[in-house]
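In: Quick one: sequence and predicted model below, then my questions.
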Amino acid sequence: MSNLQTVNGSVDADELGVILTHEHVRFRDEAVAAEWPDRYDEQEELDSALAAVREAKSRGVQTIVDPTAMFGGRDVRFMKSVADQTGVHILACTGIYSYDHLPNYFANRDVDVMAEHFVADLQRGIQGTDIRAAFLKCAADAPGVTDNVEKIHRAVARASVQTGAPIMAHSMPAVATGPRQVEIFEQEGVDLARVQIAHCGDTDDVEYIERLIDMGVYVGLDRYGLEMFLPIETRNATAAELLRRGHTERVLISQDYCATIDWFPPEAAAVFESQGAIRNWSMTLVFDEVVPALREQGVMDDEAFRTIFVENPKRWLTA
Ligand SMILES: [Zn+2]
């Protein structure tokens, strides 16, 4: 059986169990965190991460795929602390989370040099540790697939071709980035069965999502609780329709929850909640509300649950 790299080393893919494919144990602007570390309470961050992951574990989750890349404050030592103290497997990534900006370091080096950095994370270790990345991450958002975003995608693609590592690509359905992202991967020779287009659940345009599935990729319905993009009920209706149309084997469900995130001042969370921009956002929402709703609609039985939360992520991760 194939093995996968977790932050605690190699694990047999069959031992991953129930998997959440898109959650962040911590998310922060890494430049700010590096320059003003006193603005952050690392113990508080760790406590929040432990609480969130333990809640998920109490719902049966055995593995969390954490796509925190460069610019999201990736810190594999922090991830390892969370894995050590919860007993939940955590998979780390390599890549760059940028909607356009590239640091001069990479702006002045070519795609292959960038890819070589990702390959080093996949094969040798991350941030001076021997913790290896399990997958690659890139992003396209409101600005679309800009030149810099394309460069990152091509570097991610080449690292995938060289190593066989899977890819998760943050997308923005509102500006239809997905098809162009898949096209770039295809041009670079990536096995599209190893590609996950994240955040497809931010649209209720089933045909748009279906076009991506038809290209051979996985689609992430992975932002449950982020009502500012789409409310839970609409997300469920979209998920139900995809399952009805027979796409169970291409769907991944998650929450894109951040146990802590520094993008907003601390008081913002309560405002977002009271204004309805987020609702019950957590690492357990999909088990507490989404799965029961899909069961009630008759589109999810035990087998479909296993396909979506065990088999699909395992297949995406290991081919
Ligand atoms: Zn995310």
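Out: On my side now, so go ahead. Note that the coordinates shown come from a computational prediction; the quantities given were computed from them, not determined experimentally. Numbering: from 1, shown residues only.

In: contacts and neighbour counts: CA atoms only from here.
Out: Fine.

In: For the least confident helix or strand in the chain by mean pLDDT, buried residues please.
Out: Within the chain, confidence by mean pLDDT, DSSP states H and E is lowest for helix 268-275 among all helices and strands, at a mean of 92. By neighbour count with 16 or more other C-alpha atoms under 10 Å, helix 268-275 contains the buried residues Glu273.

In: Check the gap between the closest residue to Ala13 other than its chain neighbours and Leu16 for me.
Out: Closest residue in space to Ala13, ignoring its immediate chain neighbours: Asn3 at 5.4 Å, by C-alpha to C-alpha, 6 or more residues apart in numbering. Distance, Asn3 to Leu16, using C-alpha to C-alpha, to the nearest Å: 10 Å.

In: Neighbour count for those two, which is higher?
Out: Legend: neighbour count by other C-alpha atoms under 10 Å for Asn3 and Leu16, higher for Leu16 (21 against 14).

In: who are the neighbours in contact with that one?
Out: 62-63, 89, 310, 314 (C-alpha atoms under 8 Å, 6 or more residues apart in numbering).

In: do Asp100 as well
Out: 140, 143, 146-149.

In: what about it, is that helix, strand or coil?
Out: coil (DSSP: H, G, I helix; E, B strand; the rest coil).

In: Ramachandran angles for it?
Out: In terms of degrees, to the nearest 10, the main-chain angles of Asp100 are phi -170, psi -50.

In: Check the gap between it and Thr146 for me.
Out: From Asp100 over to Thr146 the distance is 6 Å, taken as C-alpha to C-alpha.

In: Going through the contacts of Asp100, which ones are buried?
Out: Here, 16+ other C-alpha under 10 Å leaves 140, 148-149 buried among those.

In: mind checking the SS state of the closest residue to Ala134 other than its chain neighbours?
Out: Excluding the flanking residues, the one nearest Ala134 by C-alpha to C-alpha, 6+ apart is Gln5, at 5.2 Å. On the three-state scheme (three-state DSSP), Gln5 is labelled strand.

In: so who does Gln5 touch?
Out: Gln5 is in contact with 11, 91, 131-134, counting by C-alpha under 8 Å, 6+ apart.

In: ok, the residues you listed vs Ile278, which is closest?
Out: Leu91 (25.8 Å; C-alpha to C-alpha).

In: so what's Val76 up against?
Out: Here Val76 is in contact with 7, 92, 126-127, 131 (criterion: C-alpha under 8 Å, 6+ apart).

In: Ser98 versus Ile184, what's the distance?
Out: According to C-alpha to C-alpha, Ile184 stands 17 Å off from Ser98.

In: And Val195, by the same measure?
Out: With C-alpha to C-alpha as the criterion, Val195 and Ser98 are 18 Å apart.

In: Same question for Gln123.
Out: Gln123 is 23 Å from Ser98, by C-alpha to C-alpha.

In: The two: which is more packed in?
Out: The residue with more neighbours, out of Gln123 and Ser98, is Ser98; 20 against 15, by other C-alpha under 10 Å.

In: Would you mind pulling the contact partners of the host helix or strand of Phe106?
Out: Taking DSSP states H and E as the criterion, Phe106 maps to helix 104-107. Contacts to helix 104-107, defined as C-alpha under 8 Å, 6+ apart, come from residues 114, 148.

In: Now Ala139: closest residue in space that isn't a chain neighbour?
Out: His170 (4.3 Å).

In: Give me the below-cutoff pLDDT ranges for this protein.
Out: Scanning the chain for pLDDT under 70 picks out the ranges 1.

In: All set now, cheers.
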